[in-house]
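J.: task: produce atomic coordinates for the following.
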Amino acid sequence: MPSEKTLQLKKETVKELSEKVKAAKSMVLADYRGLTVEQDTELRSALRKAGVEYKVVKNTLTRFAMKENGLGDIDSFLNGPTALAISETDPVAPAKVLSEYADKYEKLELKVGVVEGKIIDVKGIKALAELPPREVLIARVLGGFNAPIAGFANVLNGNLRGLAVALNAIAEKKANA
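T.: Got it, this is the predicted structure:
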């Protein structure tokens, strides 16, 4: 039986992790077994730059935090060493960084992801990672809005151009006559 102090620390860890899971836009669980210290340091640095929190928490504590947030189905993925990458702002960042490093280092194995409370498999994580950055998506949408307006302006411009050419031809014809 664990001491009262140890039990209290574990409860606090579960509570803190549960709050992070609840606030997360997305998270990815991965098996980091076999990464060297240099590789892990490089991965952690890339995750920090992307605004992603990276933690290694005992599976039993993670299990409790997930169940508190209605994610009990993740239970089957919580075996072996598990690292958790959480982003509270960008739903794509954890998937993008971990997928990049999973391709770079074969030892890093993606397990499962959660986006906006929905569990996704490794294929879903890879698909999410291939999405362009948020700014590019916004630019594409705005470009899509702009295209019909630009086309309409060109049509109006074309009619005015045609009228100007016709009037110029009539003026030249009368000047020659």
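J.: and residue 87, how far from residue 7?
T.: Distance, residue 87 to residue 7, by Cβ to Cβ, to the nearest Å: 30 Å. For every residue, glycine as well, the C-beta is placed using N, CA and C.
J.: who has more neighbours, these two?
T.: Neighbours were tallied for residue 87 and for residue 7 using other Cβ atoms under 10 Å; the higher tally belongs to residue 87 (24 against 11).
J.: pretty sure residue 35 sits in a helix.
T.: No: looking at residue 35 with DSSP: H, G, I helix; E, B strand; the rest coil, it is coil, so not inside a helix.
J.: what about it, how many neighbours?
T.: 19.
J.: pLDDT value on it, please?
T.: Per-residue confidence (pLDDT) for residue 35: 89.
J.: can you check residue 55 too?
T.: Residue 55 is assigned a predicted lDDT (pLDDT) of 90.
J.: tell me the SS of residue 112?
T.: In the three-state summary, residue 112 is assigned as strand, counting by three-state DSSP.
J.: which residue, other than its chain neighbours, is closest to it?
T.: residue 77 (4.4 Å; Cβ to Cβ, 6 or more residues apart in numbering).
J.: how near is that neighbour to residue 4?
T.: 31 Å.
J.: of those two, which one has the most company?
T.: Between residue 77 and residue 4, counting by other Cβ under 10 Å, residue 77 is the more crowded of the two (19 against 8).
J.: so that one touches residue 111, yeah?
T.: Yes: judged on Cβ atoms under 8 Å, residue 77 makes contact with residue 111 at a distance of 4.6 Å.
J.: common neighbours of these two, please.
T.: The contact sets of residue 77 and residue 111 overlap at residue 29 (Cβ atoms under 8 Å, 6 or more residues apart in numbering).
J.: what helix or strand is residue 14 on?
T.: Per DSSP states H and E: residue 14 is located in helix 4-23.
J.: tell me the average confidence for the helix or strand just after that helix?
T.: As assigned by DSSP H and E, the chain's next helix or strand after helix 4-23 is strand 26-31. Throughout strand 26-31, pLDDT has a mean value of 91.
J.: whichever helix or strand comes after strand 26-31 vs strand 26-31, what angle?
T.: Helices and strands here follow DSSP H and E; after strand 26-31, the next one along the chain is helix 37-49. With axes from the mean of the first three to the mean of the last three Cα atoms, to 10 degrees as the basis, helix 37-49 and strand 26-31 are set at 180 degrees to each other.
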